[in-house]
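Trainee: Coordinates only, no sequence provided:
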Ligand SMILES: Nc1ncnc2c1ncn2[C@@H]1O[C@H](COP(=O)(O)OP(=O)(O)OP(=O)(O)O)[C@@H](O)[C@H]1O
Ligand SMILES: O=P(O)(O)OC[C@H]1O[C@](O)(CO)[C@@H](O)[C@@H]1O
Ligand SMILES: [Mg+2]
């Protein structure tokens, strides 16, 4: 029987074949442009089928590129210039002449390579969802001299921002010979309200040793039309956007406007979030650095609390909606007796409440350390403070200070019961843990993310976020990382590990646990056992 070509091998042949009228190229582009179904005609019986977005619960996203293969294989592909500019020329990748890479056996990734989202499978599991593997391709859609790239950082700070900027500049320059790179100042509004900064390898040489972002950042100020007008007016054709969930939503609408205008401009997101709340990816850059820095605050709280009678060290860490920093900092430290996160409700008074636990712990140990994520207990504070519902310029909820509130509540409790003395020291290192430079492993991670972004843009991909999925670098469509938010799953083993390491009560009734289990997505949807996905709207 005649074997049928795979989608990827057709894609490969089409990519390396600048003759877009070749039968394979034409079939591929027909396939890519057909958004309802693929024509399955002999001899292409095994040709992967395009899956209807409505069958995947993705109505209203008509531009998705979803490819079905054998055994329940699904590739959720990212856009490519040729989806809307089919006649673009392509060129050999200049990396093949780069002496640094000459010894690499297989430097270009195989166009068939994809990465599964779920790697724990059973014998009869369907192969499931895959993302396109990141990396350099044999053919590129830009000549080096024609590239005008720009880089922008948006949202809050995170360790590693400067490393990503540095590696984008150095990677573009050293790997692809790109010499025109602009920094956009002060976040999205910098596109239309500020001057640009020319970036060179010399200029960015040392910046990875500094915290923050040399470009500045901001919240709010996303005006899609003004931004894209500015991109068009300046002749920018590669836009690298570093930021969190809000930033990636902004990048997605910029990409849609660019596609609507038919521009050959690559829009690439590099996900940044100290809270580790971005969906799909294994872990965000800077997270490990932040957890490491949090240890210093926890150590200080421990030393302070140990040194006085019935000492309590209370540390507030970041985590607006997701308590990953608090959870990992607690697990790493081993000195923490109680960790409070937004995902796990708690209460103060009565049996099984926080006050009862604090009294018990002080009696047993003479001191204790509490770590609280800034988003924890917001409902309790709102009840007692009659809060105003404020938002920042990006529409994120402004939180009430749980650290100060909890300190006061604990002090009031001990003053009221008059059973024992208590000394509480409150440490708020929230901004300190994100304003630091990234640690060694985050620096390497940032480098690889930046390189993946560059390879994808040069290869003509656009409208995607780079991200690590099961330890492999991938290209992920924007909507996948913006529609949901990662949260700690309190019915999973990782949270149980934390509870057993601190010995704190779970603060949950049997009914709460049942409800939490029902509310969590099925395990097949999870990337790993520590993450949950929640609707990402603010
Ligand atoms: N839905 C959206 N559409 C377009 N732009 C958006 C959207 N949401 C947020 N933005 C823009 O993205 C930028 C950053 O958003 P935001 O302040 O929420 O930070 P973030 O990227 O989520 O990072 P952080 O992890 O610090 O929260 C802002 O300039 C904001 O205007
Ligand atoms: O004060 P800013 O800069 O708005 O940032 C605070 C927020 O940024 C984050 O670090 C990331 O979203 C949150 O943890 C925190 O609530
Ligand atoms: Mg955000």
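Mentor: Good, I have the coordinates. Remember, it's a predicted structure, so these values are computed and weren't measured experimentally. Ligands and ions are numbered 1, 2, ... in the order given.
Trainee: mind listing the helices for the stretch 1-150 of the chain?
Mentor: For the stretch 1-150 of the chain, applying DSSP state H, counting those that start in this stretch gives helices covering 7-16, 23-33, 81-84.
Trainee: Same question for the stretch 351-500 of the chain.
Mentor: 354-365, 378-385, 402-417, 440-458, 478-482, 493-502.
Trainee: Just give me the lowest mean pLDDT stretch among these.
Mentor: For the helices of the stretch 351-500 of the chain, mean pLDDT drops lowest on helix 378-385, to a mean of 80.
Trainee: Just confirm yes or no for that one near ligand 2.
Mentor: No. Looking at helix 378-385 against ligand 2 by C-beta under 6 Å from any ligand atom, there are no contacts, and the closest approach is 11.3 Å. C-beta coordinates here come from the backbone N, C-alpha and C atoms, glycine included.
Trainee: ok, and for that helix, which residues are buried?
Mentor: 378, 380-381 (16 or more other C-beta atoms under 10 Å).
Trainee: Who are the packing partners of that helix?
Mentor: helix 402-417 (3 or more C-beta pairs under 8 Å, 6 or more residues apart in numbering; DSSP states H and E).
Trainee: Count the neighbours of residue 345 for me.
Mentor: The number of residues packed near residue 345 is 16, by other C-beta atoms under 10 Å.
Trainee: Show me what from the stretch 301-450 of the chain comes close to ligand 2.
Mentor: Residues of the stretch 301-450 of the chain lying near ligand 2 (C-beta under 6 Å from any ligand atom): 318-320, 374, 392, 434.
Trainee: cutoff 8 Å now
Mentor: 318-320, 325, 374-375, 392, 396, 399, 430-431, 434 (C-beta under 8 Å from any ligand atom).
Trainee: Quick one: neighbours of the residue in the stretch 251-400 of the chain positioned nearest to ligand 3, just the number.
Mentor: Nearest residue of the stretch 251-400 of the chain to ligand 3: residue 396, at 6.0 Å (C-beta to the ion). Per other C-beta under 10 Å, the neighbour tally for residue 396 reads 19.
Trainee: before we move on, what about the one 3 residues further on?
Mentor: Neighbourhood size, residue 399 [other C-beta under 10 Å]: 18.
Trainee: And residue 391, by the same measure?
Mentor: By other C-beta under 10 Å, neighbour count at residue 391 equals 12.
Trainee: mind checking pLDDT for it?
Mentor: At residue 391, pLDDT is 83.
Trainee: That one and ligand 1: what is the separation?
Mentor: With distances taken as C-beta to the nearest ligand atom, to the nearest Å, residue 391 is found 10 Å from ligand 1.
Trainee: Surely that residue and residue 397 touch.
Mentor: Yes. In terms of C-beta atoms under 8 Å, residue 391 counts as a neighbour of residue 397; the distance is 6.1 Å.
Trainee: picking that back up, can you tell me which of the residues of the stretch 301-450 of the chain next to ligand 2 has the most neighbours?
Mentor: Counting by other C-beta under 10 Å, top hit in these: residue 319 with 28 neighbours.
Trainee: The residue nearest to it when sequence neighbours are not counted: neighbour count?
Mentor: Nearest residue to residue 319, sequence neighbours excluded (C-beta to C-beta, 6 or more residues apart in numbering): residue 373, at 3.5 Å. The tally of other residues near residue 373 (other C-beta under 10 Å) stands at 32.
Trainee: dump the residue contacts of residue 373.
Mentor: Going by C-beta atoms under 8 Å, 6 or more residues apart in numbering, residue 373 touches 316-319, 323, 325-326, 339-342, 402.
Trainee: So which of these are in strands?
Mentor: 316-317, 339-340 (DSSP state E).
Trainee: how far does stretch 415-433 stretch from start to finish?
Mentor: 32 Å (C-alpha to C-alpha, to the nearest Å).
Trainee: which of the residues in that stretch are buried?
Mentor: In stretch 415-433, counting by 16+ other C-beta under 10 Å, buried: 422-430, 433.
Trainee: Give me the distance between residue 456 and residue 313.
Mentor: Counting by C-beta to C-beta, to the nearest Å, the gap from residue 456 to residue 313 is 45 Å.
Trainee: contacting residues around the residue in the chain that ligand 3 sits nearest to?
Mentor: As assessed by C-beta to the ion, ligand 3 sits closest to residue 244 within the chain, at 3.9 Å. Applying C-beta under 8 Å, 6+ apart, we find residue 244 in contact with 154-156, 271-273, 275, 277-278.
Trainee: Good, we can wrap up now.
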